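Participant: generate a structure from the sequence data that follows.
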Amino acid sequence: MRKFFLAFCAALLWASSAHAQGIAPGDAAAIRQTIERQIDAFRADDGERAFGFADATIRAMFGDPASFMAMVRQGYGMIYRPRRFEFAQAVERPDGIAQAVEFEGLDGTSAVAVYEMRRQPDGTFRIAGVYLLKARRPSV
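Facilitator: Residues are numbered from 1 along each chain as shown. Just a heads-up that it's a prediction; the model follows:
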């Protein structure tokens, strides 16, 4: 998984090189903190708090914290209850910033999640989408 993760990050950086101006260290830290806080909210089953880290598009799509949490539990189990996670470098894109995170679920499955981050009018970052890439089962 580590080789795939590193290859993915290299491809993401290469594909974004035309737009990559470098991400300010403060922005990178704020993005990581937003993601970590949402994961903490998932671990605590705090739907209100977890839903608060989503941008307006995601909130409109799901309407309420309960619907949002049901979607996360059903489709993003390793993010809802990770055994571990590790951040890679964030990449600036035309529509925001993509932050890759490697997750391992409690069942041993692993995947790379790409978080689409959007800067809000107040300067904070919110999560505009999460895409899982190449989930795999543990080898026995």
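Participant: find the centremost residue of this structure, please.
Facilitator: With distances taken as Cα atoms, centre = their mean, the chain has Y115 as the residue nearest its mean C-alpha position (3.3 Å).
Participant: tell me the secondary structure for it?
Facilitator: strand (DSSP: H, G, I helix; E, B strand; the rest coil).
Participant: which residues sit in contact with it?
Facilitator: Applying Cβ atoms under 8 Å, 6 or more residues apart in numbering to Y115 gives the contacts I31, I35, A98, Q99, A100, V101, I127, G129, V130. Heads up, the C-betas are built off the backbone N, CA and C, glycines and all.
Participant: how does it look with 7 Å?
Facilitator: Counting by Cβ atoms under 7 Å, 6 or more residues apart in numbering, Y115 makes contact with I35, Q99, V101, I127, V130.
Participant: make sure the third one is indeed in a strand.
Facilitator: Yes - following the definition three-state DSSP, V101 is counted among the residues of a strand.
Participant: tell me the helix or strand right after the helix or strand where D27 lies.
Facilitator: Taking DSSP states H and E as the definition, D27 sits inside helix 25-43. Counting by DSSP H and E, the element after helix 25-43 in chain order, helix or strand, is helix 47-52.
Participant: next secondary structure after that following helix?
Facilitator: Assigned by DSSP H and E, the successor of helix 47-52 is helix 56-62.
Participant: distance from the chain centre to that next one, please.
Facilitator: 16 Å (Cα atoms, centre = their mean, to the nearest Å).
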